[in-house]
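Q: A structural model of the following input is requested.
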Amino acid sequence: MVSSDFKSFCQRFIRGDNWHNLDVKRKNLGYGWFHYGMICSARPKRVLCIGSKWGFVPAVCAMACVDCGDGSVDFVDASYDAQNDGPQAWGGAGNWSKIDVKKYFAPWEKKINLHVMTTKEFCQRDSHIFDYIYIDGDHSYEGVKSDFLLLWPKLSEGGFILFHDINSKYEGVHYGTGIFWQKLKAWLGNNIELPGDFGVGIIQKKADFRSAIIYELIKLFW
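A: Okay, the predicted model is just below:
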């Protein structure tokens, strides 16, 4: 999985942050193990990651695609900077418009495509269906709701959609991910949660009439 230089991996993709339940001293990737295991087990053809400050989850997903010999990752981030763009950056560093992707994500660069744009812009330009979608962008209630409404139709039948920060508290800005998640999981079912201070919520898409009706109700009334 991760190269022997675990410290170097964390310095590049985590820096001083720890939003994924990691334990660097014990070489424990936290939630990263789940993403890696799911991709190696489910073998998604296309993976979509929405948002990442330093690229941890996109890197783990691309690594899994390389190790398992299948799949590719589309990584979408608007490259907002918290210092210049305010709350809408949600802790972003504004680095993705400046980074050389091939060098930054090496040796998994052939499996990852970076799109510096919003989720809405990406969905307007891309027509692919995805098997594994990870949402970690706009953490406001309206933001995560918008991402869900845009991306649910792009999720394959039996595919997985994941939400980061379902347990995150308020740190100067009002996180809405947890509120949206609590409503969504009650309506859609077929979900699991990863524990921790931040948390990850996972829903597998069912190809049934009830899910389609619920999606329309969310769009109209939430």
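
Q: lowest-pLDDT helix or strand in this protein?
A: Least confident helix or strand, the chain: helix 82-85 with a mean of 85, by mean pLDDT, DSSP states H and E.

Q: Not counting it itself, show me its contacts.
A: Ala89, Trp90, Gly91, Gly92, Ala93, Gly94 (Cβ atoms under 8 Å, 6 or more residues apart in numbering). Quick note: C-beta positions are derived from backbone N, CA and C, even for glycine.

Q: What are the buried residues along it?
A: Of all the residues in helix 82-85, those buried under the rule 16 or more other Cβ atoms under 10 Å are Ala82.

Q: next structured bit after that helix?
A: helix 101-104 (DSSP states H and E).

Q: Just the CA atoms of that following helix, as CSV, please.
A: Output of helix 101-104 as CSV, limited to C-alpha atoms (Å, rounded to 0.1, in the frame of the first residue of the first chain):
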residue,chain,number,x,y,z
VAL,A,101,-0.3,17.4,-10.6
LYS,A,102,2.1,14.9,-12.2
LYS,A,103,4.8,15.6,-9.7
TYR,A,104,2.6,16.1,-6.7
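
Q: For this structure, give me the ranges with low pLDDT.
A: Counting by pLDDT under 70, the chain has low-confidence residues at 1-4, 170-173.

Q: Now do the helices in it.
A: Listed in chain order, the helices of the chain (DSSP state H) span 6-13, 31-42, 56-68, 82-85, 101-104, 119-125, 141-151, 177-188, 209-221.

Q: among these, which is nearest Gly159?
A: Taking Cβ to Cβ, helix 31-42 is the member of the helices of the chain nearest to Gly159, at 8.5 Å.

Q: on contacts alone, who are the packing partners of that closest one?
A: Applying 3 or more Cβ pairs under 8 Å, 6 or more residues apart in numbering; DSSP states H and E, we find helix 31-42 packed against helix 56-68, strand 130-135, strand 155-164.

Q: could you check the angle strand 130-135 makes with that helix?
A: Calculated by axes from the mean of the first three to the mean of the last three Cα atoms, to 10 degrees, helix 31-42 forms an angle of 170 degrees with strand 130-135.

Q: Now render the helices and strands packed on helix 31-42 as a markdown table, adding mean neighbour count and distance to Asp85.
A: As requested, these are exported to a markdown table (neighbours: other Cβ atoms under 10 Å; distance: least, Cβ to Cβ, whole Å):
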| stretch | mean neighbour count | distance to Asp85 |
| --- | --- | --- |
| helix 56-68 | 24 | 20 |
| strand 130-135 | 24 | 19 |
| strand 155-164 | 20 | 20 |
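
Q: so which of the ones you listed comes closest to Asn113?
A: Here helix 56-68 is closest among these (Cβ to Cβ), at 9.6 Å.

Q: Quick one: distance of that closest one to the chain centre.
A: Distance of helix 56-68 from the chain centroid (Cα atoms, centre = their mean, to the nearest Å) equals 12 Å.

Q: Make residue 1 into 22 and carry on from there
A: Got it, first residue is 22 now, which makes that one helix 77-89.

Q: Counting by contacts, list what that helix packs against.
A: With contacts defined as 3+ Cβ pairs under 8 Å, 6+ apart, the packing partners of helix 77-89 are helix 27-34, helix 52-63, strand 67-71, strand 93-97, strand 133-136, strand 151-156.

Q: one more time with 6 Å, if that's ok
A: Judged by 3 or more Cβ pairs under 6 Å, 6 or more residues apart in numbering; DSSP states H and E, the packing partners of helix 77-89 are helix 52-63, strand 67-71, strand 93-97.
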